[in-house]
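1. quick one, what's the 3D model for this:
(chains A and B)
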Amino acid sequence: MTHVAAANPSLPQDAEAPPRAVKIRGFGIGERSTLPISVATGLVIIAAWSAVSEAGLVSHLFLPTPREVASAAVTFYQDGYANASMWEHISASLARILTAAAIAVALGTPIGLLMSLSRWMKGVFDTPIEFYWPLPPLAYLPLMIIWLGIGEVSKIALLTMAMFAPIALSAQAGVRSVSIERVNAALSLGATRFQLLREIVLPSALPEILTGIRIALGVGWGTLVAAELIAATRGIGHFIMSASQFLATDFVFVGIGIIALCAFAFSIAMRLIERWLVPWKGKS
Amino acid sequence: MLRVDKASVYFSTREGRPIHALDSVSLDIGKGAFVVALGTSGCGKSTLLNAMAGFLPLSSGSITLNGHKVEAPGSERGVVFQKDTLLPWKSVAENVALGLKFAGMGRKERRERALDLLRLVGLQDFAEAAPYELSGGMRQRVGIARALAPDPAILLMDEPFGALDSMTREAMQELLVDVWARTCKQVFFITHSIEEALVLGTRVIVMSPRPGRIVARFDPTFVTAFARDRDATAIKTSPEFASLREQIRAIVHQSESCRSAAQ
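-> Numbers count the residues shown, from 1 in each chain, chains lettered A, B, ... in the order given. This is a model prediction of the structure:
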């Protein structure tokens, strides 16, 4: 039998060895996970940081050691900072961002949809949005304070303005991406204009709107420190600014780490929401 | 009865020079008729269908359905597209019931009607599936069921089987003839396959491009035998079929060469 197998190379020579699965050669980075590389990079950065700071090459005022940062984090967790616990600081920031996000979504989505459906709405809203959207929030922060005072209102207004534009713009992009065949199909099934909007346009635009919200949350975290510059007594942004005034670099590091963790958690949450709300994304 | 009366369509190009897409086309589609428009791409058959559906206004002429002027899309004219236009966020049954939902029918009633229609196209076991889980042929069957749901007077089909492989396509032709024979709908069907036109149509109109117009009309009778015996092979191998097919092929080629000569 052996010579038959040898004469016919397509027969498996050895039942144990699984066949080598192949696929078309791709372009770019392929499908293999980059997670181990990313984790290793993170570890290398921490190791380098640790080596540089522990060796005393740089003053601790400029670069605290990982151990100092860790103990600052423990102090912050146990004792709080400036008459407020760590959770009070974090929840103050979270409350501002989430409130601003809720307002920005509630205003930005319908306005974005209207702008893509009505020539008048597009014309009216285009001017102010295109004018203010590229401005850095720090530039109009003084106006917010002068107009709205130094309370919560001006902080949330600043965050809302920063988050509104990406949501409104992505809602418009979402409507533009609705295929005309899908619209015509619905109209020939007897859809009214309102039914068309609710059953076809809105769900079709949903993936883009969610992407816009994700971008807006990123912008929101970016604006948070600026918002909490204004006479805040609580908040992670305030915590960082206040610590920097005392040159408490280790506490600044802790604040940055907390913001990074929160932003990362938001990003994961948005991805889960996307998977739940638009399971068809990329499949049709 | 759907009546197209001297319908003409001009499109404007970017340079402002108008393109004559449809030139004074007249056509009647009576009760139970299966009219197939046949022609090469650019002959105006899709333009004609879009005008019938109400997606496209006419430059001149008129289209009426049972005496009422066609001016906008409406549920009395069901449309099946070449590209599937099912909604991925709805199940197959919900997609089929979409027109009934628009009409304000209750949830329970429209579900029952959707299941009936899915049975008609042989997809009763896929009511809860998502559209993207189905094959191309199955999605097109859902599209037919969805177009039938609001009980339209006429079914307008724009190369519905154009993107399917030839074996699926033959199965779909059989299914469509079966649905047509059972529901007695008027059908307007676009194709560029001569065989498909002959096997399905009670009337075949051959169209030629630039400007799009009807150059020949045939009234084949093969579809009656197809609906009865379900034997496409027997029809396609008969001498009558072959002679008509060659006749139409000659007309299509001639209109093509006239166009090249004119240019």
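
2. low pLDDT regions in the stretch 151-263 of chain B?
-> Applying pLDDT under 70 to the stretch 151-263 of chain B flags the ranges B:256-263.

3. need the strands for it, in chain order.
-> B:154-158, B:186-191, B:203-208, B:213-218 (DSSP state E, counting those that start in this stretch).

4. what packs against the third one?
-> Packed against strand B:203-208 by the contact rule (3 or more C-beta pairs under 8 Å, 6 or more residues apart in numbering or on different chains; DSSP states H and E) you find strand B:34-38, strand B:213-218, helix B:239-262. Every C-beta, even on glycine, is put in place using the N, C-alpha and C of the backbone.

5. of the ones you listed, which is nearest residue A:32?
-> Between residue A:32 and the helices and strands packed on strand B:203-208, the shortest gap by C-beta to C-beta is with strand B:34-38, which sits at 50.8 Å.

6. list the strands paired with the closest one, with their directions.
-> strand B:186-191 (parallel), strand B:203-208 (parallel) (DSSP bridges).

7. which residue is the nearest non-sequential neighbour of residue B:171?
-> Spatial nearest neighbour of residue B:171, chain neighbours left out: residue B:137 (6.9 Å); criterion: C-beta to C-beta, 6 or more residues apart in numbering or on different chains.

8. alpha carbons only: can I get whatever helix or strand the one you found lives in in CSV?
-> Using DSSP states H and E, residue B:137 sits within helix B:136-148. In CSV, the C-alpha atoms belonging to helix B:136-148 read as follows (Å, rounded to 0.1, in the frame of the first residue of the first chain):
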residue,chain,number,x,y,z
GLY,B,136,-28.6,35.9,-2.8
GLY,B,137,-31.5,33.8,-4.3
MET,B,138,-33.3,33.6,-1.0
ARG,B,139,-32.9,37.3,-0.4
GLN,B,140,-34.5,38.0,-3.8
ARG,B,141,-37.4,35.7,-2.9
VAL,B,142,-37.9,37.7,0.3
GLY,B,143,-37.9,40.8,-1.9
ILE,B,144,-40.7,39.3,-4.1
ALA,B,145,-42.7,38.4,-1.0
ARG,B,146,-42.2,41.9,0.4
ALA,B,147,-43.4,43.5,-2.9
LEU,B,148,-46.5,41.3,-2.9
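
9. that one: how far from the chain's middle?
-> Taking the mean of its C-alpha atoms, helix B:136-148 sits 12 Å from the chain's own mean (C-alpha atoms, centre = their mean, to the nearest Å).

10. so which bits of that helix are buried?
-> Neighbour counts over helix B:136-148 (16 or more other C-beta atoms under 10 Å in any protein chain shown) mark B:137, B:138, B:139, B:140, B:141, B:142, B:143, B:144, B:145, B:146, B:147, B:148 as buried.

11. and these as a markdown table, adding pLDDT?
-> Below are these laid out as a markdown table (pLDDT from 0 to 100):
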| residue | pLDDT |
| --- | --- |
| B:137 | 83 |
| B:138 | 88 |
| B:139 | 89 |
| B:140 | 88 |
| B:141 | 87 |
| B:142 | 91 |
| B:143 | 90 |
| B:144 | 88 |
| B:145 | 89 |
| B:146 | 92 |
| B:147 | 90 |
| B:148 | 88 |
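
12. in TSV: these, plus distance to residue A:265.
-> Supplementary listing: these in TSV, determined by distance: C-beta to C-beta, whole Å:
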residue	distance to residue A:265
B:137	45
B:138	41
B:139	39
B:140	44
B:141	45
B:142	40
B:143	42
B:144	47
B:145	44
B:146	42
B:147	46
B:148	49
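
13. quick check, nearest of these to residue B:51?
-> Residue B:51 lies nearest to residue B:147 out of those, by C-beta to C-beta, at 17.6 Å.

14. lowest-confidence helix or strand of chain A?
-> Ranked by mean pLDDT, DSSP states H and E, the weakest helix or strand in chain A is helix A:2-7, scoring a mean of 49.

15. next SSE downstream of it?
-> Moving toward the C-terminus from helix A:2-7, the next element (DSSP H and E) is helix A:35-54.

16. what comes up buried for that following helix?
-> The neighbour-count check on helix A:35-54 (16+ other C-beta under 10 Å) flags A:49, A:53 as buried.

17. check which helices and strands that helix sits against.
-> By 3+ C-beta pairs under 8 Å, 6+ apart, helix A:35-54 packs against helix A:66-79.

18. residues in contact with the helix it packs on?
-> Residues outside helix A:66-79 that contact it (C-beta atoms under 8 Å, 6 or more residues apart in numbering or on different chains) are A:46, A:49-50, A:53, A:60, A:64, A:86, A:248, A:250-251, A:253-254, A:257.

19. same thing with stretch B:96-108?
-> For stretch B:96-108, contacts defined as C-beta under 8 Å, 6+ apart pick out A:186, A:189-192, A:195, A:199, B:75, B:78, B:87, B:90, B:109-111, B:113-114, B:117-118, B:142, B:145-147, B:149-150.

20. whichever of those end up buried, select them in ChimeraX.
-> Buried subset of these, written as a ChimeraX selection, criterion 16+ other C-beta under 10 Å:
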select /A:186,189,190,191,195,199 /B:75,78,87,90,110,111,113,114,117,118,142,145,146,147,149,150
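
21. what sits against the closest residue to chain A within the stretch 151-263 of chain B?
-> Nearest residue of the stretch 151-263 of chain B to chain A, counting by C-beta to the nearest C-beta: residue B:156, 8.0 Å away. Contacts for residue B:156 (C-beta under 8 Å, 6+ apart) come out as B:49, B:52, B:53, B:77, B:78, B:79, B:80, B:188.

22. same thing but at 7 Å, please
-> B:49, B:52, B:53, B:77, B:78, B:79, B:188 (C-beta atoms under 7 Å, 6 or more residues apart in numbering or on different chains).

23. quick check: phi and psi on the fifth one?
-> So the one you mean is residue B:78. For residue B:78, the backbone dihedrals (degrees, to the nearest 10) come out as phi -80, psi 140.

24. so who does it touch?
-> By C-beta under 7 Å, 6+ apart, residue B:78 lies in contact with A:188, B:147, B:148, B:150, B:152, B:155, B:156.

25. how about those, which pair is most distant?
-> B:150 and B:156 (13.2 Å).

26. residue A:232: neighbour count?
-> Neighbours of residue A:232 under the rule other C-beta atoms under 10 Å in any protein chain shown: 22.

27. sec struct for it, please.
-> Following DSSP: H, G, I helix; E, B strand; the rest coil, the label given to residue A:232 is coil.

28. my read: residue A:113 touches residue A:171, true?
-> Yes: assessed by C-beta atoms under 7 Å, residue A:113 is found in contact with residue A:171 at 5.4 Å.

29. and these two? which has more neighbours close in?
-> More neighbours surround residue A:171 than the other of residue A:113 and residue A:171, with 27 against 21 (other C-beta under 10 Å).

30. got the confidence number for the more buried one?
-> For residue A:171, the pLDDT comes out at 93.

31. doesn't it lie inside a helix?
-> Yes: using three-state DSSP, the assignment for residue A:171 is a helix.

32. nearest residue to it other than its sequence neighbours?
-> Residue A:171's closest residue in space is residue A:112 (C-beta to C-beta, 6+ apart), at 2.7 Å.

33. residue A:180 - how many residues pack around it?
-> Using other C-beta under 10 Å: residue A:180 sits among 9 other residues.

34. what residues are up against residue B:146?
-> Contacts of residue B:146 (C-beta under 7 Å, 6+ apart): B:95, B:96, B:98, B:99.

35. meant to ask about residue B:200
-> Going by C-beta under 7 Å, 6+ apart, the list of residues near residue B:200 reads B:34, B:36, B:173, B:176, B:177, B:189, B:223.

36. just the buried ones from the residues you listed, in PyMOL syntax?
-> Buried subset of the contacts of residue B:200, written as a PyMOL selection, criterion 16+ other C-beta under 10 Å:
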select buried, chain B and resi 34+36+173+176+177+189+223
